[in-house]
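Trainee: how would this look folded up:
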Amino acid sequence: MDSWSKEKRSACMARIRSSDTKPELIVRKYLYSRGYRYRKNVKHLPGSPDIVLKKYGIAIFIHGCFWHGHDTHFHMPKSNVDFWKRKIARNKERDEENRNQLKRMGWNVLTVWECQLKPAVRKQTLLEIEYFINHSYLSHKRIKEAPAYSIPSERPAVAAEPATTYATDLDSKK
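Mentor: Numbers count the residues shown, from 1 in each chain. So this is what the prediction gives:
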């Protein structure tokens, strides 16, 4: 049974933000300080990713452990259990579909959980996010900028010109 009245519970739930949450602000502040420029909550992409780095082809979702049903940190409420089970299951299905749609569109997708931004592990998580961005960018650049030529197999590759004789200035003076 809930210890709060229905009205008070509704008012508390209504105040929960869906964007500009503390975990999002932590990641955005770090990325900006490292020189990454991004767009936030891009509505025309599936799932409206929290952070989009278009230059790098990366969409980042920052999920709360409760709302998105993080397996290791999710605690089912004791009241209205059926409602919460259905809601969290729908959220997980929707998240998976959004990730798959973005991947089909060519985006690299990263999900950061709220618990990964706790003070004890925050630095490691932020470094891993930066590594993911750089690794994805370099992988994408390598594929895009692969040379369009190849060395013919019938001729061996030669580093120097074939041997030829040149008339030198000394030969011409004789």
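Trainee: Let me know the pLDDT of Arg122.
Mentor: You'll see Arg122 listed with a pLDDT of 95.
Trainee: That one: neighbour count?
Mentor: Using other C-beta atoms under 10 Å, Arg122 has 15 neighbouring residues. Where C-beta positions appear, they are placed from N, C-alpha and C, glycine not excepted.
Trainee: Please apply the same query to the one 10 residues further on.
Mentor: When counting by other C-beta under 10 Å, one arrives at 16 neighbours for Phe132.
Trainee: How about it, nearest residue that isn't a chain neighbour?
Mentor: Leu110 (5.5 Å; C-beta to C-beta, 6 or more residues apart in numbering).
Trainee: Quick check: bridge partners of that neighbour?
Mentor: Per DSSP bridges, the residues bridged to Leu110 are Ile60.
Trainee: I figured it was touching Ile129, is that so?
Mentor: Yes - counting by C-beta atoms under 8 Å, Leu110 touches Ile129, with 6.8 Å between them.
Trainee: Tell me who's in contact with Thr125.
Mentor: Shown in contact with Thr125 (C-beta atoms under 8 Å, 6 or more residues apart in numbering): Val112, Gln116, Leu117.
Trainee: most centrally placed residue in the chain?
Mentor: Against the mean C-alpha coordinate of the chain, by C-alpha atoms, centre = their mean, the closest residue is Leu110 at 3.4 Å.
Trainee: What distance do you get for it to Ile26?
Mentor: For Leu110, the distance to Ile26 equals 15 Å [C-beta to C-beta, to the nearest Å].
Trainee: Pro49 reaches Leu102, doesn't it?
Mentor: Yes - Pro49 sits in contact with Leu102 when judged by C-beta under 8 Å, with a separation of 7.3 Å.
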